[in-house]
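> With the input below, show me the fold.
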Amino acid sequence: MGAITNFPIAVENAGALIASPSSLLREQVLDRIDGRWQRVQHVLGGADALAKLEQGSWQVLFLDRRLQDLDCEELIATVQRRFPGIQVVVLDSDAALPGSALATNSTNSKTDEDRAETPARSRQQDRPAIEARTGKAPRENGDAQPGDCLPLPGMIGKSEAMQQVYRLAQLVAPRTTTVLIVGPTGSGKELVARALHALSPRAAKPFVAVNCAAIPEALLESELFGHARGAFTGAVQAQVGRIPAAHGGTLFLDEVGELPLSMQAKLLRFLEEKEVQRLGSSEAMRVDVRVIAASNVDMAARAGRGEFREDLFYRLAAFPLELPPLSERRSDIVPLAEHFLACMSAAMSVPCPQLSGEAARILEAHPWRGNVRELQHVIERASILSENCDTVLGGHLYFPFQSSLSHPPARTLSCASRAS
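Okay, here's the model as predicted:
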């Protein structure tokens, strides 16, 4: 394939990072850089790329324009803002042309004329094209409005309701402040928690999630704080708790409102003292974690009824962050649906179908009581029912919680029926 030409000399101890979901493109880039960097790593998505950039010294980021989780242009802007010394080379794994040369100009020092795409060169027809340039990639969904915030890593949506979430999250992400994420089931609370972790100085450290509602009360203290050998019948070996396992990183307490009162007092003490004591041990251990909690219930009301300790509530809600239901962000429904379709198609290595106008209107009109999770499941079923069609039709959509009288289950439609 040939090596990249006119590329700057590799800096000692700096590396090259490749971000692309396409294994073929990653191999093509490795061939072209021709051993210039002793340290080369690759990731599948933009969120993972941001996490890697936080962890070490990098000189260049080879970035696939066709990322499945983040908008390429917005990711470039984030990299330029947070890592101004890193050169970004934008690649295209799905271009119409069979191949092209790799441009190597720095993203933070060139004019628009310098950012023109390199003319294509004829290469093997069965390889993905690489159209590389520096600077901003064209937006497929229209230009961002002035004052818009970048979506959080792994999140889709530009509605005004989500803009407020992005603004608040980006303000609090670099801090150690405890965050309480409140939102209905299926609205993406864990995604926000993971994004806060990825955007924080703790991104290279563990992210440990605990579902407080899923662990039996009798085991919860051991799960959180750990236990010493012989602490109770059956404790044949010591266990590190979830809190010590998150040392240096982030502890995510999902459904924190379901914590029993006995555990609430112990969690409050940990938050105030930053120490844990394992069951069966008299020694206290210092632990440095950033705590993010989440709940789908009104925590203030629960505290007012005496079902949750008020002092713990105020400690957890140092920075509350409320996620809107999907019904309040209608403009995000179709982009989310298209994103899920693209991810499912990529996982199956099949062409991605398009949403018909009828399907888009049905999706936008649905109440979405199950929020983003319900949308994902509806799209998954629709992608299966569409079979080999290149379009998802209204008849492919099925909402299992609606009355069968008002919306009968979708029948399998053949591609030939699209015109009917």
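
> list the buried ones in the helix or strand residue 378 falls within?
According to DSSP states H and E, residue 378 maps onto helix 371-385. Within helix 371-385, the residues scored as buried using 16 or more other C-beta atoms under 10 Å are 371, 372, 374, 375, 376, 377, 378, 379, 381, 382, 383, 385. Yep, even glycine has a C-beta here, placed from its N, CA and C like the rest.

> Could you do stretch 35-43 as well?
Buried residues in stretch 35-43, counted by 16+ other C-beta under 10 Å: 36, 37, 40, 41, 42, 43.

> So which of those are in strands?
40, 41, 42, 43 (DSSP state E).

> The first one bridge partners, please.
Put plainly, it is residue 40. Note on residue 40: beta-bridge partners by DSSP bridges are residue 16.

> my guess is it meets residue 27, correct?
No - taking contacts as C-beta atoms under 8 Å, residue 40 lies outside contact range of residue 27: 11.7 Å.

> in the stretch 251-400 of the chain, which spans are helices?
All helices of the stretch 251-400 of the chain, identified by DSSP state H, counting those that start in this stretch, fall at 261-273, 299-304, 310-316, 333-348, 357-365, 371-385.

> For residue 322, find the nearest of the ones you listed.
With C-beta to C-beta, the closest approach to residue 322 among the helices of the stretch 251-400 of the chain belongs to helix 299-304: 11.0 Å.

> Quick one: distance of the closest one to the chain centre.
With C-alpha atoms, centre = their mean, to the nearest Å as the basis, helix 299-304 stands 30 Å off its chain's centre.

> what is the rounded mean pLDDT of it?
Taken as a whole, helix 299-304 has a mean pLDDT of 91.

> Show residues contacting that helix.
Applying C-beta atoms under 8 Å, 6 or more residues apart in numbering, the external contacts of helix 299-304 come out as 180, 182, 256, 257, 308, 309, 310, 313, 316, 317.

> ChimeraX command for the buried members of those?
Selecting only the buried entries of the contacts of helix 299-304 in ChimeraX, with 16+ other C-beta under 10 Å as the criterion:
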select :180,182,256,257,308,309,313,316,317
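
> Same list (the contacts of helix 299-304) but as a markdown table, adding pLDDT and distance to residue 327.
A markdown table is the format used below for these (pLDDT from 0 to 100; distance: C-beta to C-beta, whole Å):
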| residue | pLDDT | distance to residue 327 |
| --- | --- | --- |
| 180 | 96 | 22 |
| 182 | 95 | 16 |
| 256 | 94 | 25 |
| 257 | 92 | 22 |
| 308 | 94 | 27 |
| 309 | 94 | 32 |
| 310 | 93 | 31 |
| 313 | 94 | 27 |
| 316 | 94 | 27 |
| 317 | 92 | 24 |
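
> follow-up on the earlier one: closest to residue 208 among the ones in strands among the buried residues of stretch 35-43?
Nearest to residue 208 out of those is residue 43 (C-beta to C-beta; 21.0 Å).

> Where in the protein is the helix or strand with the lowest mean pLDDT?
Within the chain, confidence by mean pLDDT, DSSP states H and E is lowest for strand 226-227 among all helices and strands, at a mean of 70.

> and the residue nearest the centre of the chain, how far is that from residue 92?
The chain has residue 154 as the residue nearest its centroid, 2.2 Å off, counting by C-alpha atoms, centre = their mean. Shown here: residue 154 relative to residue 92, a distance of 22 Å by C-beta to C-beta, to the nearest Å.

> quick one: contacts for residue 325?
Going by C-beta under 8 Å, 6+ apart, residue 325 touches 183, 184, 187, 368, 371.

> where does the stretch 301-420 of the chain have low pLDDT?
Across the stretch 301-420 of the chain, the ranges flagged by pLDDT under 70 are 401-420.

> That should have said the stretch 1-150 of the chain, apologies.
Scanning the stretch 1-150 of the chain with the threshold set as pLDDT under 70 gives 1-13, 34, 69, 93-148.

> Look at the nearest residue in space to residue 150 that is not next to it in sequence and give its secondary structure.
Leaving out its chain neighbours, the residue that sits closest to residue 150 by C-beta to C-beta, 6 or more residues apart in numbering is residue 74, at 4.6 Å. Secondary structure state of residue 74, per DSSP: H, G, I helix; E, B strand; the rest coil, is helix.

> Give me the neighbour count for residue 74.
Number of residues near residue 74 (other C-beta atoms under 10 Å) recorded here: 19.

> Relative to residue 220, how far out is it?
Distance of residue 74 to residue 220, given as C-beta to C-beta: 40 Å.

> mind checking which helix or strand residue 214 is in?
Using DSSP H and E, residue 214 falls within no helix or strand.

> which ones are touching it?
Applying C-beta under 8 Å, 6+ apart to residue 214 gives the contacts residue 255.

> hmm, back to that, so the helix holding residue 378 versus helix 357-365, what angle?
Helix 371-385 and helix 357-365 are oriented at 160 degrees to each other (axes from the mean of the first three to the mean of the last three C-alpha atoms, to 10 degrees).

> what's the angle from helix 371-385 to helix 333-348?
50 degrees.

> Tabulate the CA atom coordinates of helix 371-385 in PDB.
Provided in PDB are the C-alpha atoms of helix 371-385 (Å, rounded to 0.1, in the frame of the first residue of the first chain):
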ATOM      1  CA  ASN A 371     -38.000   6.100  26.800                       C
ATOM      2  CA  VAL A 372     -34.800   5.500  24.800                       C
ATOM      3  CA  ARG A 373     -34.600   1.800  25.900                       C
ATOM      4  CA  GLU A 374     -38.100   1.200  24.500                       C
ATOM      5  CA  LEU A 375     -37.100   3.000  21.200                       C
ATOM      6  CA  GLN A 376     -34.000   0.800  20.900                       C
ATOM      7  CA  HIS A 377     -36.100  -2.400  21.300                       C
ATOM      8  CA  VAL A 378     -38.700  -1.200  18.800                       C
ATOM      9  CA  ILE A 379     -36.000  -0.400  16.200                       C
ATOM     10  CA  GLU A 380     -34.300  -3.800  16.900                       C
ATOM     11  CA  ARG A 381     -37.600  -5.600  16.100                       C
ATOM     12  CA  ALA A 382     -38.200  -3.400  13.100                       C
ATOM     13  CA  SER A 383     -34.700  -4.100  11.700                       C
ATOM     14  CA  ILE A 384     -35.400  -7.900  11.900                       C
ATOM     15  CA  LEU A 385     -38.900  -7.600  10.300                       C
END
